[in-house]
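Undergrad: return a 3D structure for these sequence lines:
(one chain, ligands or ions: 1)
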Amino acid sequence: MKICVLPGDGIGPEITDQALKVLLTVAEKFGHAVELDEQRIGGSAIDATGVPLPEETVEACKGADAVLLGAVGGPKWDTLDPAIRPEKGLLGIRKALGLFANLRPAALFPQLRSACLLRPDIVERGVDLLVIRELTGGIYFGEPRGVEVRDGERTGFNTMIYRESEVRRIARVAFEAARKRRRKVCSVDKANVLDVSRVWREVMVETAAEFPDVELSHMYVDNAAMQLVRDPSQFDVLVTGNLFGDILSDEAAVITGSIGMLPSASLGESGPGLYEPIHGSAPDIAGQDLANPLATILSVAMLLRYSLGLEEEARTVERAVERTLDQGLRTGDIMEPGKARVKGSEMGAAVLANL
Ligand code: NAD
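TA: Down below sits the predicted model:
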């Protein structure tokens, strides 16, 4: 496996360091050869080359089987011209790799129940869902868009638009992902009001015919936002467009209560996927060995599962993380009374030992 590594800024290098040790160890155990290629992105790339996404980084990513990213950004670069800010590196690499599907699992580890923001009787039923957000279409990119004066007043407008081919490809990602889970897809739209959602729903139903072993249901987005806090246990895979997915994926993440635990994947039609924790570069704790590496380690599990098709290897990593939590090890972000507070590197070492 050829993996391009983009540590980035802030805690990025610390957490990718821990995650790579896990990747190398699991690969060795299962007899896979790994080739790592480390490249620059974000603020560290700006410092070294003047741009947040050097051409060399793009080429290296395109030539890899998968990309593992830490995080980008930090106060040092906040005053730069927006055109060369660190975040541009992230948007640029997503675009260059054609990553149209964003997979955000929100799982509540039983060991971390007390971090969950929901009532205990709701938590009891469990939270283990996957939000799949369309990432390159919809209202964020639709034309026409703009601000103009109409009838003497400022008027802003955007266009929410989906072609059926865009819906079909994200639908297929959702059904395929459901096959690796509990075989249930809930498509979220606003088909009672929006024409674009009517096309979305029709194409979802048509594509479902290709996956007779997966159950498809539909939900309006306002109801989905309520159901996520009322009873998240009802969901397996949620698939939705760019705008609704932006909101629902953050909602699903926050109910678990632990930002340092959540991985993500972004996938294209073919070519390498990009794997990263959902949190940022945490400049407030960078360089102090305080960052929780588990979200990045769990991103490695997703990389093994979705880009390399190595399910057993992925589960092995996830089980090592679960066992580490069982042993009571906690970094500051997930600390509870009675548990052992550890550094980021100690958490990584414990996962390795459990592997
Ligand atoms: P953040 O996610 O970096 O941090 C929010 C809070 O969570 C901080 O208190 C931080 O210490 C804590 N935290 C985050 N990850 C943690 C971990 N692994 N272990 C322990 N604690 C953790 O969000 P922010 O503070 O809003 O942003 C900081 C920088 O990161 C900004 O420059 C922002 O643009 C950037 N950012 C990057 C990404 C990305 O690279 N994908 C995403 C979000 C924010």
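Undergrad: let me know the secondary structure of Lys264.
TA: Careful, residue 264 is Ser; it's not Lys. Per DSSP: H, G, I helix; E, B strand; the rest coil, the local secondary structure of Ser264 is strand.
Undergrad: can you name the residues of this protein sitting close to the ligand?
TA: Within the chain, the positions adjacent to the ligand are 11, 71-74, 87, 90, 259-260, 276, 279-285, 291-292, 295, 331, 333 by CB under 6 Å from any ligand atom. To be clear about C-beta, it is placed using only N, CA and C from the backbone, and glycine gets the same treatment.
Undergrad: just the ones in strands from the residues you listed, please.
TA: Judged by DSSP state E, the subset of these located in strands is Ala71, Glu276.
Undergrad: please indicate which of the residues of the chain next to the ligand are buried?
TA: With burial judged by 16 or more other CB atoms under 10 Å, the buried subset of the residues of the chain next to the ligand is 11, 71-74, 90, 259-260, 276, 279-283, 285, 291-292, 295, 331, 333.
Undergrad: and Asn192, how many neighbours?
TA: For Asn192, the count of nearby residues is 9 (other CB atoms under 10 Å).
Undergrad: isn't it up against Asp222?
TA: No: the criterion here is CB atoms under 8 Å, and Asn192 misses it with Asp222 at 9.5 Å.
Undergrad: out of the residues of the chain next to the ligand, which sit inside helices?
TA: Glu87, Leu90, Ala295 (DSSP state H).
Undergrad: the second one and Ala208: what is the separation?
TA: Taking CB to CB, to the nearest Å as the criterion, Leu90 is separated from Ala208 by 33 Å.
Undergrad: just grab the bridge partners of the most centrally placed residue in the chain for me.
TA: Note on the chain: the residue nearest the mean C-alpha position is Ser264, at 2.0 Å, using CA atoms, centre = their mean. Listed by DSSP bridges, the beta-bridge partners for Ser264 are Glu276.
Undergrad: okay, it and Met219: tell me how far apart.
TA: To Met219, Ser264 is 22 Å away according to CB to CB.
Undergrad: Cys61 too?
TA: Distance from Cys61 to Met219, counting by CB to CB: 35 Å.
Undergrad: kindly report the same for Asp17.
TA: For Asp17, the distance to Met219 - CB to CB - is 41 Å.
Undergrad: which residue does the stretch 201-350 of the chain bring closest to the ligand?
TA: Nearest residue of the stretch 201-350 of the chain to the ligand: Gly280, at 2.4 Å (CB to the nearest ligand atom).
Undergrad: ok, now the stretch 1-150 of the chain?
TA: Gly73 (2.7 Å).
Undergrad: and the pLDDT for that residue?
TA: On the pLDDT scale, Gly73 is placed at 96.
Undergrad: just checking, it touches Leu91?
TA: No: contact criterion CB under 8 Å: Gly73 and Leu91 do not qualify, at 11.9 Å.
Undergrad: the helices in the stretch 101-250 of the chain, which residues?
TA: Along the stretch 101-250 of the chain, counting by DSSP state H, counting those that start in this stretch, helices occupy 120-123, 164-179, 195-208, 221-230, 242-256.
Undergrad: what's the closest of the ones you listed to Arg145?
TA: Arg145 lies closest to helix 242-256 among the helices of the stretch 101-250 of the chain, at 13.1 Å (CB to CB).
Undergrad: rewinding a little: quick one: contacts for the closest residue to the residue of the stretch 1-150 of the chain closest to the ligand other than its chain neighbours?
TA: For Gly73, ignoring the flanking residues on the chain, the nearest one in space by CB to CB, 6 or more residues apart in numbering is Pro86 at 4.4 Å. The contact partners of Pro86, by CB atoms under 8 Å, 6 or more residues apart in numbering, come to Gly8, Asp9, Ile41, Gly42, Gly43, Ala45, Ile46, Pro52, Val72, Gly73, Gly74, Trp77.
Undergrad: how about 10 Å then?
TA: By CB atoms under 10 Å, 6 or more residues apart in numbering, Pro86 lies in contact with 8-10, 41-46, 52-53, 71-74, 76-78, 80, 281.
Undergrad: cool, and Ala349?
TA: Gln18, Lys21, Pro293, Thr324, Leu329, Val342, Lys343.
Undergrad: who does the helix or strand harbouring Leu68 pair up with?
TA: Under the criterion of DSSP states H and E, Leu68 resides in strand 66-71. Applying DSSP bridges, strand 66-71 is found paired with strand 2-8 (parallel), strand 273-277 (parallel).
Undergrad: deepest of those strands, which one?
TA: Mean neighbour count, computed with mean count of other CB atoms under 10 Å, is highest for strand 273-277 among the strands paired with strand 66-71, reaching a mean of 26.
Undergrad: if you skip the residues just before and after it, what's nearest to Pro105?
TA: Pro105's closest residue in space is Leu130 (CB to CB, 6+ apart), at 4.8 Å.
Undergrad: burial count for the one you found?
TA: 24.
Undergrad: check Gly268 too.
TA: With other CB under 10 Å as criterion, Gly268 counts 19.
Undergrad: same check, this time on Asp250
TA: Asp250: 14 surrounding residues under other CB under 10 Å.
Undergrad: wait, it sits on Asn102?
TA: No: using CB atoms under 10 Å, Asp250 is not in contact with Asn102; the gap is 11.6 Å.
Undergrad: which pLDDT value goes with the closest residue to Trp77 other than its chain neighbours?
TA: Closest residue in space to Trp77, ignoring its immediate chain neighbours: Gly43 at 4.4 Å, by CB to CB, 6+ apart. Residue-level confidence at Gly43 comes out at 97, pLDDT.
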